[in-house]
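In: Sequence first, then the predicted structure, then my questions.
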Amino acid sequence: MVKREKKMRKRLSKSDIIFLTAVYFFIGLFTLAVLYPLIYVLSASVSNPAKIISGELVLFPKGFSLKLYEKILTNKNIVTGYKNTVFYTVFGTLYNLIMTTCAAYPLSRKDLKGNGFFTFIITFTMLFGGGMIPAFLNLNNLGLINSPLVMILPGAVSVTNFIIMRNYFMHSVPNEVIESAYVDGASQIRTLTSIVLPLSKSILGVLIVYYAVGHWNAYFSAMMYLQDDSLMPLQIFLRRILLLNSMEGMTGGSSLEDQLLFEGMRYALIVVAVVPMLALYMIMQKSFRKGIMIGAIKG
């Protein structure tokens, strides 16, 4: 392999070398543009707030301190919002996966009568929706307003994710395996749970990431349908702090020191909000990458 690589390098013309150098240069610039804000925010979250305001912080922490995280972990609103977001994300994602699977698997079967019609009805909703006010009135009539269920039940199935899973079942799960299960006497549910889903781990990983990120970042639904602060997700409190500049008892005072502390806490809040989804992606990375590639090939 080493000899082959050396031969390939010798065959490269001067124009090829210039082109590859330019490609690597721009890739390096792009990587720096992506990584620098992440590193800066992480460094600012463990730095002295005065160093941040004065502009002394460039890349690495200045005056290392975990005081910002201590303030966050002792703030009632942030802790409550974090618990609510975890609840909505875990149970919402589980609910989405169950409902999407229940819709995608039957409609992936060619022997189901009315397959095309029902698929059209579902995909038609991508073009037209009921609107914000009818949706609010509908949820209000169902008694879901200002209820935790309003953050989970309405978005049962994403049409895009439904199409992805349906196409995966149609093109990536061998029909012969399903037919052999029927011959052996397996029911539809047994075939789905024991054969189809174990063969679909990669696409399940993709949908877990999609749905979890959607629930974790959801804030508009909470603004529309929730009134009680005890039910609000973390993103609502982040919006108040980062966009509306609302301290709301975050620091316990209004002195210059408290204002500096509040400025530094913004960075710590960003880290707290982003890290769980980064961790989820790292855990699901293998399945996510495989599922995305299969979707791109099979379409």
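Out: That came through, no problem. Residues are numbered from 1 along each chain as shown.

In: hey, let's count contacts and neighbours off CA atoms from now on
Out: OK.

In: residues contacting residue 196?
Out: 169, 173, 178 (CA atoms under 8 Å, 6 or more residues apart in numbering).

In: any idea of the pLDDT on the first one?
Out: We note a pLDDT of 86 for residue 169 in this prediction.

In: any idea how far the nearest residue to it once chain neighbours are set aside lies from residue 118?
Out: Nearest residue to residue 169 in three dimensions, chain neighbours excluded: residue 108, at 6.1 Å (CA to CA, 6 or more residues apart in numbering). Distance of residue 108 to residue 118, computed by CA to CA, to the nearest Å: 11 Å.

In: go on, residue 47?
Out: For residue 47, the distance to residue 118 - CA to CA - is 56 Å.

In: Also residue 19?
Out: Residue 19 is 51 Å from residue 118, where distance means CA to CA.

In: Mark out where each domain of the chain begins and ends.
Out: Listed by automatic domain parsing, the domain ranges of the chain are 12-66, 76-248.

In: Pick the most deeply packed of those domains.
Out: Greatest average neighbour count among the domains of the chain goes to domain 76-248 (a mean of 16), per mean count of other CA atoms under 10 Å.

In: Go through the helices and strands of the protein and name the one with the lowest mean pLDDT.
Out: Ranked by mean pLDDT, DSSP states H and E, the weakest helix or strand in the chain is helix 2-11, scoring a mean of 55.

In: quick one: stretch 81-99 to chain centroid distance?
Out: Centroid separation between stretch 81-99 and its chain, computed with CA atoms, centre = their mean, to the nearest Å, is 12 Å.

In: Stretch 77-85 too?
Out: Offset of stretch 77-85 from its chain centre (CA atoms, centre = their mean): 18 Å.

In: Please identify the buried residues of stretch 271-279?
Out: Buried residues in stretch 271-279, defined by neighbour count with 16 or more other CA atoms under 10 Å: 271-273, 277.

In: still on that earlier bit, rank the domains of the chain by mean pLDDT and give me the bottom one.
Out: Minimum mean pLDDT among these: domain 12-66, a mean of 82.

In: Give me the distance from that domain to the chain's centre.
Out: With CA atoms, centre = their mean as the basis, domain 12-66 stands 24 Å off its chain's centre.

In: And the next helix or strand past the least confident helix or strand of the chain?
Out: Counting by DSSP states H and E, the element after helix 2-11 in chain order, helix or strand, is helix 14-45.

In: Give me the helices and strands touching the next helix or strand after that following helix, please.
Out: Per DSSP H and E, the first helix or strand lying C-terminal to helix 14-45 is helix 49-54. Contacts defined by 3 or more CA pairs under 8 Å, 6 or more residues apart in numbering; DSSP states H and E place helix 49-54 against helix 256-283.

In: wait, isn't residue 165 in contact with residue 201?
Out: No. Using CA atoms under 8 Å, residue 165 is not in contact with residue 201; the gap is 11.1 Å.

In: contacting residues around residue 99?
Out: Contact analysis of residue 99 by CA under 8 Å, 6+ apart lists 156-157.

In: For residue 82, pull up the helix or strand it's in.
Out: With DSSP H and E as the test, residue 82 turns up in helix 76-108.

In: And residue 62, by the same measure?
Out: Here residue 62 sits in a region with no helix or strand, counting by DSSP H and E.

In: give me phi/psi at the residue lying closest to it once chain neighbours are set aside?
Out: Using CA to CA, 6+ apart and skipping residues adjacent in sequence, the residue nearest residue 62 is residue 47, 5.0 Å away. Main-chain dihedrals, residue 47, degrees, to the nearest 10: phi -110, psi 170.

In: How about the contacts made by the residue nearest to residue 58 when sequence neighbours are not counted?
Out: Using CA to CA, 6+ apart and skipping residues adjacent in sequence, the residue nearest residue 58 is residue 40, 7.2 Å away. Each residue near residue 40 by CA under 8 Å, 6+ apart is listed here: 58-60.

In: Who are the contact partners of the residue nearest the centre of the chain?
Out: For the chain, residue 213 is the residue whose C-alpha lies nearest the centre (CA atoms, centre = their mean; 1.7 Å). Contact analysis of residue 213 by CA under 8 Å, 6+ apart lists residue 277.

In: The helix or strand just after the helix holding residue 82 packs against which elements?
Out: As assigned by DSSP H and E, the chain's next helix or strand after helix 76-108 is helix 115-124. Contacting helix 115-124 under the criterion 3+ CA pairs under 8 Å, 6+ apart are the following elements: helix 76-108.

In: Before I go, just wanted to say thanks for your time.
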